[in-house]
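A.B. asks: how would this look folded up:
(2 chains)
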2 protein chains.
Amino acid sequence: MPRLWNETIEAHRREVRDAILDSTAALVAEHGLRSVTMSQIAEKTGIGRATLYKYFPDIEAILSAWHERQITGHLGHLLHVQAQAGGAGERLAAVLEAYALLSHESRGRHDPVLTAFLHQGEHVTRAHQQLRDLIRDLLAEGSATGVMRDDLSPDELASYCLHAISAASGLSSKEAVRRLVTVILAGLRPAS
Amino acid sequence: MPRLWNETIEAHRREVRDAILDSTAALVAEHGLRSVTMSQIAEKTGIGRATLYKYFPDIEAILSAWHERQITGHLGHLLHVQAQAGGAGERLAAVLEAYALLSHESRGRHDPVLTAFLHQGEHVTRAHQQLRDLIRDLLAEGSATGVMRDDLSPDELASYCLHAISAASGLSSKEAVRRLVTVILAGLRPAS
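C.D. replies: Sure thing, here's the model as predicted:
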């Protein structure tokens, strides 16, 4: 049964790949981007250097893959939150709070050079676009059902939300992040 | 009367300096940052190259000085708007609209490398801090007089305003910018 055998190999490859990403993230968090070597990563993962190079050509490629996995996880979390029961108002509130808390948690965790490097990837642009679409669709639904203002287009309202929410990364506590989300939502109420 | 003579020289130097900044800004806008030379700047200003070098060592120094003059002008405009008659609500609305329109007008006018270079200057940090203080003081006054919400600190509300308003640079028209300001202000109304 070559199919099953191939699936086993595929599953093994994914596990090794995930383990490499985890080891690298831990080493970079501990020692900083510039001092981590491919040998350290191989050792921490428990594989040989030759095997490591079969998966990734260099540390930059590993970090990109790690970041893509993080972003995909975050986006999955937001899609899950969005799919909960409730009207557009409650679902938008839940998505904005979840996204604001994610932004808040990753604030200042990486050095600026690493952040700039990670954010130049195409997967970041794609994830931002998906998040923007998700928020815009909820706003369109909210405007159509009268729970949100309709004197601006859903696109304009999405710009407002996404820019305002970027304030979350500079706030000092989760409570402050929740207060920010309250203010953003107040701006979206139907014009009286 | 040596005092008067010094003042005349000082006024002349300021005029030449301003003319150099104007010529450089015009040349960069026309030909791009990388193709402009000190010789072109001297020629367009109507001075010799040796004179130009008495004022500025290189093009980067000229552009920094030009940007500082722009920022100072913008900040002066916002302070002027803020000093108009009216309650904290009207004055904040006027300042936010003026700032949003300035951000909107300068959108995509410069190439990204030039923008990154110009924004690393200390004068930019200082100007941002002054703008933040101005907005925070208006918010504190508005919260104290009951025309704005007081369930967040003026600092938190200022973060919300400044992040939300950065959406202005991506909007397509002045009308869209005014709509954005309406939404931001709606978020600031007292919690009912």
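A.B. asks: For residue A:4, give its distance to chain B.
C.D. replies: From residue A:4 over to chain B the distance is 51 Å, taken as Cβ to the nearest Cβ, to the nearest Å. Every C-beta, even on glycine, is put in place using the N, C-alpha and C of the backbone.
A.B. asks: so what's that residue scoring on pLDDT?
C.D. replies: The model reports residue A:4 with a pLDDT of 78.
A.B. asks: What lies in contact with the stretch of helix or strand residue A:91 belongs to?
C.D. replies: Assigned by DSSP states H and E, residue A:91 belongs to helix A:88-105. For helix A:88-105, the external contacting residues (Cβ atoms under 8 Å, 6 or more residues apart in numbering or on different chains) are A:74, A:77-78, A:81-82, A:84, A:86, A:131, A:134-135, A:138-139, A:141-142, A:145, A:147-148, A:161, A:165-166, A:168-169, A:171, A:174, A:177-178, A:180-181, A:184-185, A:188.
A.B. asks: which residue packs closest to whichever residue of chain A sits closest to chain B, ignoring adjacent ones?
C.D. replies: Relative to chain B, the nearest point of chain A is residue A:187 (3.2 Å; Cβ to the nearest Cβ). Residue nearest to residue A:187 in three dimensions, not counting chain neighbours: residue B:187, with 3.2 Å by Cβ to Cβ, 6 or more residues apart in numbering or on different chains.
A.B. asks: need the contact list for that neighbour.
C.D. replies: A:164, A:183, A:184, A:185, A:186, A:187, B:160, B:164.
A.B. asks: pLDDT value on it, please?
C.D. replies: Residue B:187 is given a pLDDT of 96.
A.B. asks: Would you agree residue A:87 is in contact with residue A:147?
C.D. replies: Yes. At 6.3 Å, residue A:87 counts as touching residue A:147 under the criterion of Cβ atoms under 8 Å.
A.B. asks: Just want to know which of the two has more residues nearby.
C.D. replies: When residue A:87 and residue A:147 are compared for neighbours, residue A:147 comes out ahead with 16 against 13, by other Cβ atoms under 10 Å in any protein chain shown.
A.B. asks: per-residue confidence at the nearest residue to that one once chain neighbours are set aside?
C.D. replies: Counting by Cβ to Cβ, 6+ apart, residue A:147 lies nearest to residue A:89, which is 4.4 Å off, once chain neighbours are set aside. For residue A:89, the model assigns a pLDDT of 91.
A.B. asks: So which residues of chain A form strands?
C.D. replies: Here chain A has no strands by DSSP state E.
A.B. asks: Get me the contact residues on it for chain B.
C.D. replies: A:149, A:151-152, A:156-157, A:159-160, A:162-167, A:170-171, A:176, A:179-180, A:182-189, A:191 (Cβ under 8 Å from any Cβ of the partner chain).
A.B. asks: Show the low-confidence segments of chain A, by residue range.
C.D. replies: Residues of chain A meeting the criterion pLDDT under 70: A:1-3, A:108-112, A:192.
A.B. asks: buried set for stretch A:160-171?
C.D. replies: For stretch A:160-171, a neighbour-count test (16 or more other Cβ atoms under 10 Å in any protein chain shown) marks A:160, A:161, A:162, A:163, A:164, A:165, A:166, A:167, A:168, A:169, A:170, A:171 as buried.
A.B. asks: same thing with stretch A:113-120?
C.D. replies: Taking 16+ other Cβ under 10 Å as the criterion, stretch A:113-120 shows A:114, A:117, A:118 as buried.
A.B. asks: Stretch A:137-156 too?
C.D. replies: For stretch A:137-156, by 16+ other Cβ under 10 Å, it's A:137-143, A:147-150, A:152, A:154, A:156.
A.B. asks: Output stretch A:129-142 as CSV, nothing but the C-alphas.
C.D. replies: Provided in CSV are the C-alpha atoms of stretch A:129-142 (Å, rounded to 0.1, in the frame of the first residue of the first chain):
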residue,chain,number,x,y,z
GLN,A,129,-6.0,41.2,3.0
GLN,A,130,-8.0,38.2,4.4
LEU,A,131,-8.4,39.9,7.8
ARG,A,132,-9.5,43.1,6.0
ASP,A,133,-12.1,41.1,3.9
LEU,A,134,-13.4,39.4,7.1
ILE,A,135,-13.9,42.7,8.9
ARG,A,136,-15.3,44.4,5.8
ASP,A,137,-17.9,41.6,5.3
LEU,A,138,-19.0,41.9,9.0
LEU,A,139,-19.3,45.7,8.6
ALA,A,140,-21.4,45.3,5.4
GLU,A,141,-23.7,42.9,7.2
GLY,A,142,-24.0,45.2,10.2
